[in-house]
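>>> Provide a 3D model corresponding to the input given below.
(one chain, ligands or ions: 1)
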Amino acid sequence: MKANAEEQDRGKKGLSVITALRRMWELVAKDRLVIFLAFASLLFAALSEVSIPHFLTASIFSAQTHESMTFYRNAKLLVLLCFISGICSGLRGCCFGIANMMLVRRMREMLYDSLLFQDVSFLDNETVGDLTSRLGSDCQQVSRVIGNDLNLISRNLLQATGALIYLFILSWRLTLSTLLICTALLTIVLFYGRYQKKAAKLTQELTASANEVAQEALSLFRTVRVYGTEKQEFGRYVNWLERLSEVSLRQSVAYGYCSLSFNFLYHSTQVIAVLVGGISILSGQMTAEQLTKFILYSEWMIYSTWWVGDNWSSLMQSIGASEKVFELMDLLPSNQFLSEGLKLQKLVGHIDFVDVSFSYPSRSMVPVLKQVNLSIHPNEVVAIIGLSGSGKSTLLNLLLRLFEPTNGQILVDGVPLSDLDIKWLRQNIGYVGQEPRLFRMDISSNIRYGCPREVGREEVEWAAKQAYAHEFISALPNGYGTLVDDTLLSGGQKQRIAIARAILRDPTILILDEATSALDAESEYYVKEVLRTMQNSSSRKRTIFVIAHRLSTIQAADRIIVMDGGRIVEMGKHMELIQKDGLYARLVRRQADAFAC
Ligand SMILES: Nc1ncnc2c1ncn2[C@@H]1O[C@H](COP(=O)(O)OP(=O)(O)OP(=O)(O)O)[C@@H](O)[C@H]1O
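Next comes the predicted model:
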């Protein structure tokens, strides 16, 4: 409890600059050579740049006093300094750019890796739009830290320090006035930086929400069109944009105040320098050359101070954006990936649900499964039916270990599911979900997707034939090489590809979740045939679960399980259940009536 409270407290305060920079350093430390080279070239470039005004003024005044030797020496040094600063600046930019690229790449890699290994329930609390926004714009914003912010802060700090030392040598009195002005400027810019950090966090959140709304509407484009809600969706998006504009407006006003202060203070330095310096020249305490150098270096210093502050506020924005990214990166992977687990020599396909109860983490008070007891024999074909929401898919989700039972346990070949190597088990399960989704790749790759072994073209075609998908695939312009995505094929075609994908794995356990619901009557007949072939195949037997609303498919099962309100209420063969005249018989009658109508 205490640790939790501390964590929350830290979350509220936000990430400190040091902690954020340390985290970023850990990400790029492998390539520290590039970073050292970047800082070394930054040092040389800054030192040579800060020396240029001195030699520039010295050259001009030595020419005016006809000291040709001094003039040529200064001019040569000036050329050399220009070369050094040019080469080192180029090297600095290149090295910081590389470091930047490495930082953003590793950040995205680690964030994506962390997201992919979360529990399935993680997505109940986070939205896809928000997460892709973290991966995209937030990581991009953080990438400015090394290549831009730190680079420019260090460069300007070095130059300001060099200029300050030089100014003190020239006139400590004048320097104190410049220093006072710089301190005022820095205070203003630092306050502005703090404000920017907060504004950046808010901007990230609002951008993520806007993304989320747009992603939702675009992915449900057909629904939006059919219901004519384009204007409504546009309004939802614009609502977030308006809030974003308000924040940007406030940011712009703050920036305006900051620029105004800079201009005022900058010109004050010049006026003070000319007034005090002019009096000093008149009284013979200073030469015109010294005053020129002073004005050049004080300008340099005030500009550097401004840039340090400006880059500091940009750094604050980046750190603001990094908070949620690091938070997500720090999430521990799902327990399933933490331990190795057992791999059985051979999976037989005997499954026991023992007193299994379950409620979804996002609705922990609502029981979805209540003390389910069920024993499935190897090679048995089990059909699960029941009213919508009775818990059929949930039961099979638990077998796939997408969620853990709240109570009770599931045994596979007598071994608790939680003790098994889940990756190995899933390799032995073929799964066709309620709404099979296809990846944006060719059909052949879609069928091969996730297959644990190398498969050739013949095997892919064989699986497609088994799923009665070969014919329509061959009729496509590029056959198995046709690029598809989730929208290009009909529901039934997508389901047949998903069935081919499941068959290709040669699974011991096959799960078809409403696999026939999107198929036409002819395809449904073929799928029934697939089930029958698999059941009767002499070489390979499988335990098969089918959730289907079409009773014609279910009748072929060895056993029918009827669920209601998270419990198994009936179990048996078709005829037995019809004679029992319970829920199953009612469902059959209801479907028969529906067809008669
Ligand atoms: N991720 C989730 N978070 C919270 N509740 C959920 C989640 N998924 C499903 N539920 C709830 O669990 C209950 C059982 O859902 P389930 O999908 O298992 O039913 P089903 O019998 O397969 O229904 P259908 O035949 O309509 O697919 C439903 O009340 C549903 O609202």
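
>>> can we go C-alpha only for contacts and neighbour counts from here?
Noted.

>>> pLDDT score for Leu249?
Leu249 carries a pLDDT value of 93.

>>> again with His54
85.

>>> How about it: what's its closest non-neighbour residue?
Lys293 (6.5 Å; C-alpha to C-alpha, 6 or more residues apart in numbering).

>>> quick one: that neighbour and Ser51 touch, right?
No - the pair Lys293 and Ser51 does not pass the contact test of C-alpha atoms under 8 Å, sitting 10.9 Å apart.

>>> can you pull the contacts of the closest residue to the ligand within the stretch 201-350 of the chain?
Residue nearest to the ligand within the stretch 201-350 of the chain (C-alpha to the nearest ligand atom): Ser334, separated by 16.3 Å. With contact set as C-alpha atoms under 8 Å, 6 or more residues apart in numbering, Ser334 has these partners: 117-119.

>>> Those residues, buried ones only, as a ChimeraX selection?
If you want just the buried ones from those in ChimeraX, going by 16 or more other C-alpha atoms under 10 Å, the selection is:
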select :117,118,119
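
>>> Contacts only, for the residue nearest to His54.
By C-alpha under 8 Å, 6+ apart, the contact list for Lys293 reads 53-54, 57.

>>> roughly how far apart are it and Leu170?
8 Å (C-alpha to C-alpha, to the nearest Å).

>>> tell me, how many neighbours does Gln232 end up with?
Close neighbours of Gln232, defined as other C-alpha atoms under 10 Å, add up to 11.

>>> Summarise which helices and strands the longest helix along the chain is packed against.
Longest helix in the chain by number of residues (criterion: DSSP state H): helix 230-282. When contacts are defined as 3 or more C-alpha pairs under 8 Å, 6 or more residues apart in numbering; DSSP states H and E, helix 230-282 sits against helix 172-219, helix 288-329.

>>> ok, how many other residues are close to Val348?
Using other C-alpha under 10 Å, Val348 is surrounded by 17 other residues.

>>> And the pLDDT for it?
For Val348, pLDDT reads 88.

>>> cool, and Ser538?
53.

>>> any idea which of the contacts of Ser334 is least confident?
Asp119 (86).

>>> these two touch, right, that residue and Leu402?
Yes - using C-alpha under 8 Å, Asp119 is in contact with Leu402, at 7.4 Å.

>>> Grab the nearest non-local neighbour of the spatially most central residue of the chain.
Nearest to the centroid of the C-alpha atoms of the chain, with distances taken as C-alpha atoms, centre = their mean, sits Leu135, at 3.3 Å. Excluding its sequence neighbours, the residue lying closest to Leu135 (C-alpha to C-alpha, 6+ apart) is Arg108, at 5.9 Å.

>>> So which elements touch the helix or strand hosting the one you found?
Assigned by DSSP states H and E, Arg108 belongs to helix 68-116. Counting contacts by 3+ C-alpha pairs under 8 Å, 6+ apart, helix 68-116 packs against helix 17-28, helix 32-64, helix 139-142, helix 288-329.

>>> still on that earlier bit, what pLDDT does the residue of the stretch 201-350 of the chain closest to the ligand get?
Reading off the model, Ser334 has pLDDT 80.

>>> can I assume Val366 sits in a strand?
No - assigned with DSSP: H, G, I helix; E, B strand; the rest coil, Val366 falls outside any strand and is coil.

>>> Touching, it and Gly391? I think so.
No - counting by C-alpha under 8 Å, Val366 does not reach Gly391; the two are 11.9 Å apart.

>>> List the buried residues in the host helix or strand of Phe353.
Per DSSP H and E, Phe353 falls inside strand 351-358. Residues of strand 351-358 classed as buried by neighbour count (16+ other C-alpha under 10 Å): 351-358.

>>> quick one: low-confidence ranges for the chain?
1-15, 338-339, 514-527, 533-540, 551-552, 592-597 (pLDDT under 70).

>>> and His424, what is it in contact with?
No His there; residue 424 is Trp. Counted by C-alpha under 8 Å, 6+ apart, Trp424 has contacts Lys343.

>>> who touches the residue of the stretch 101-250 of the chain with the smallest separation from the ligand in this structure?
Going by C-alpha to the nearest ligand atom, the ligand is nearest to Asp124 of the stretch 101-250 of the chain, at 6.2 Å. Contacts for Asp124 (C-alpha under 8 Å, 6+ apart) come out as Ser362.

>>> separation between it and Arg32?
Asp124 is 39 Å from Arg32, by C-alpha to C-alpha.

>>> Close to the ligand: what parts of the protein are there?
360, 362-363, 368, 388-394 (C-alpha under 6 Å from any ligand atom).

>>> please redo it, this time with the cut-off set to 8 Å
Proximity of the chain to the ligand (C-alpha under 8 Å from any ligand atom) is limited to residues 121, 124, 359-363, 368-369, 385-395, 434, 514, 547, 549, 563, 566.

>>> What's the PyMOL line that selects buried ones from those?
To isolate the buried members of the residues of the chain next to the ligand in PyMOL, using 16+ other C-alpha under 10 Å:
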select buried, resi 359+360+368+369+385+386+390+391+392+393+394+395+434+514+547+549+563+566
